[in-house]
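A.B. asks: I need the structure of the sequence given here:
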Amino acid sequence: MNVMRMEKGFKGAGELTNEVTLAEADVLRFARSDKVYLGRDKTLNSDLPWVCAYLEIAPDGDVDGHGGEAVLLGGRVVGSTASVAYGHTVGKILAFAYVKPEAAVPDTELTVIIHGSARAARVLGQAAYDPESALPRVDAKLKDTQ
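C.D. replies: Got it, this is the predicted structure:
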């Protein structure tokens, strides 16, 4: 289940904690902006020290990582992974990482340190598997794969 949610780009318990704001976790779509509540203005209008980025990491066939790995941009630490899993369907290691906003831009090349080894990583702009969400739909037109 964890791998499938990672392949679809769905955030889970590792990313959605009380240690980050809704904006940092990129789930403001679940916050009511039309209601008045304690912390509303700060939640909706704050500068973000971190954002949750979706990454693909080059596999080495041995070690995938487990969360808490350092993420670097240009040799400088800009964050750490929250969840890491090998996506069997896509053949890549996928991760959610809290990084500085400038490192979260899709297609940004990063480095993730897994068990002391530097691995190439890239910020994804959409789900690694079925980004259009066509496959689970009963009315979807399947692509001819033959």
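
A.B. asks: and Y54, what element?
C.D. replies: If you go by DSSP states H and E, Y54 is part of strand 51-57.

A.B. asks: report the rounded mean pLDDT for that strand.
C.D. replies: For strand 51-57, mean pLDDT is 94.

A.B. asks: report the distance from it to the chain centre.
C.D. replies: Averaging C-alpha positions (C-alpha atoms, centre = their mean, to the nearest Å) puts strand 51-57 4 Å from its chain's average.

A.B. asks: note down every partner strand of it and its orientation.
C.D. replies: With DSSP bridges as the test, strand 51-57 is paired with strand 92-99 (antiparallel), strand 117-123 (antiparallel).

A.B. asks: mind listing what's buried in the following helix or strand past that strand?
C.D. replies: Sequence order places strand 70-73 as the next helix or strand after strand 51-57, per DSSP H and E. Neighbour counts over strand 70-73 (16 or more other C-beta atoms under 10 Å) mark V71, L72, L73 as buried. The way it works is simple: take the backbone N, C-alpha and C, and place the C-beta from them, glycine included.

A.B. asks: one more: stretch 25-40?
C.D. replies: A25, D26.

A.B. asks: next, the distance between the ends of that stretch.
C.D. replies: End-to-end distance of stretch 25-40 (C-alpha to C-alpha, to the nearest Å): 16 Å.

A.B. asks: quick revisit: any idea which of the strands paired with strand 51-57 is most buried?
C.D. replies: strand 92-99 (a mean of 25; mean count of other C-beta atoms under 10 Å).

A.B. asks: tell me the helix or strand right after that strand.
C.D. replies: Criterion used, DSSP H and E; the element after strand 92-99 is strand 109-114.

A.B. asks: that next one to strand 92-99, inter-axis angle?
C.D. replies: On the basis of axes from the mean of the first three to the mean of the last three C-alpha atoms, to 10 degrees, strand 109-114 is oriented at 100 degrees to strand 92-99.

A.B. asks: and strand 109-114, which residues are buried?
C.D. replies: Within strand 109-114, judged by 16+ other C-beta under 10 Å, the buried ones are L110, T111, V112, I113, I114.

A.B. asks: can you redo those residues as a markdown table with distance to T81 and pLDDT?
C.D. replies: Converted to a markdown table, the buried residues of strand 109-114 look like this (distance: C-beta to C-beta, whole Å; pLDDT from 0 to 100):
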| residue | distance to T81 | pLDDT |
| --- | --- | --- |
| L110 | 10 | 98 |
| T111 | 12 | 97 |
| V112 | 7 | 97 |
| I113 | 10 | 97 |
| I114 | 9 | 94 |
